[in-house]
Every structure is written in C-alpha cells, then in structure tokens.
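Visitor: predicted coordinates and the sequence they were generated for:
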Amino acid sequence: MQVLLPEGWAPPVGYSNGIAVPAGRLIFVAGQVGWNEKQVFESEDLAPQFEQALTNVLAVVASGGGEPGHICRMTAYCCDKPAYLAARPQLGRIWRAAMGRHFPAMSMIFVSDLLDHPGKIELEATAVVPAR
C-alpha cells in the first residue's frame, strides 16, 4: 500500500489523500452503525457509537481475511457535526487504539439523519487483502 501525496502538497492530518494498492482480494464493507452484533445500540453518544461502528468494520474485514492495515478507503456519515467536533480528541484515541497510525483515504460527510435510530455515525470501507 502506497500513500499518495502530490508534490508540494501539505500532508493531511488524520487521513490520506490517496492510496495505491497492488492487486488483491477486494472487500467492500457496507455502512456500519454503532450497534452491537445483535443490532442493539448500547449508547446514544457519538464516541461509543464510533468505536462500535469501527469495531464492526474491522470485524467484517477480518471475516474476509483482512486486517486494519488493509483498509484503503473509508467514508463516515455523521448526523451531529457539533458532537463530532467536540469528540474529535476522543475519536482520535479510539482510532489509534483500533487502527494505530494507519490512515486510509477518507471522507467525512454530514447528513441530516441515518436510517437506524438512534444512530449518529455510519462508517463504510474498502479493503484490499494482498494476494497470496
């Protein structure tokens, strides 16, 4: 996996502008919200939901033979921008505990609502597991 940073660009913080990945097995992870494996929300707060959604993404990737470092793209959909901004330090700690210093190409999109109530954040991802 190669992080792409065009010449002269300032490096982004907390994500990569682009990732180049050699051929491998593609895993497309559907949007994961902050509920547990029984589809029950254990918290209505953003940070615990983010942690659970990220855990869910990693579980799907692992079930396909992947690991956190194989994730090359992630999109986050959040319906509470003020809560997201207030929780950024805590979200960073959650990210580092699960993903280390691996930062895929990412987008953050703020939306009016999510399908699954009381969801506050949804994460989808693409991973590439190297060919054996």
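Guide: On my side now, so go ahead. Numbering: from 1, shown residues only.
Visitor: now do the SS call for Ile94.
Guide: Three-state call for Ile94 (DSSP: H, G, I helix; E, B strand; the rest coil): helix.
Visitor: can you tell me the closest non-neighbouring residue to it?
Guide: Glu51 (4.7 Å; CB to CB, 6 or more residues apart in numbering). For glycine as for every other residue, the C-beta is placed from the backbone atoms N, C-alpha and C.
Visitor: just the C-alphas of the helix or strand hosting the one you found, formatted as CSV.
Guide: Element membership for Glu51, per DSSP states H and E: helix 46-63. Output in CSV follows, covering the C-alpha atoms of helix 46-63 (Å, rounded to 0.1, in the frame of the first residue of the first chain):
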residue,chain,number,x,y,z
LEU,A,46,-21.3,9.7,19.3
ALA,A,47,-17.9,8.4,20.6
PRO,A,48,-19.2,5.0,21.8
GLN,A,49,-21.1,4.6,18.6
PHE,A,50,-18.0,5.5,16.5
GLU,A,51,-16.0,2.9,18.5
GLN,A,52,-18.6,0.2,17.9
ALA,A,53,-19.0,1.1,14.2
LEU,A,54,-15.3,0.9,13.7
THR,A,55,-15.2,-2.4,15.6
ASN,A,56,-18.0,-3.6,13.2
VAL,A,57,-16.0,-2.5,10.1
LEU,A,58,-12.9,-4.4,11.4
ALA,A,59,-15.0,-7.5,12.1
VAL,A,60,-16.3,-7.6,8.6
VAL,A,61,-12.8,-7.1,7.2
ALA,A,62,-11.4,-9.8,9.4
SER,A,63,-14.2,-12.2,8.3
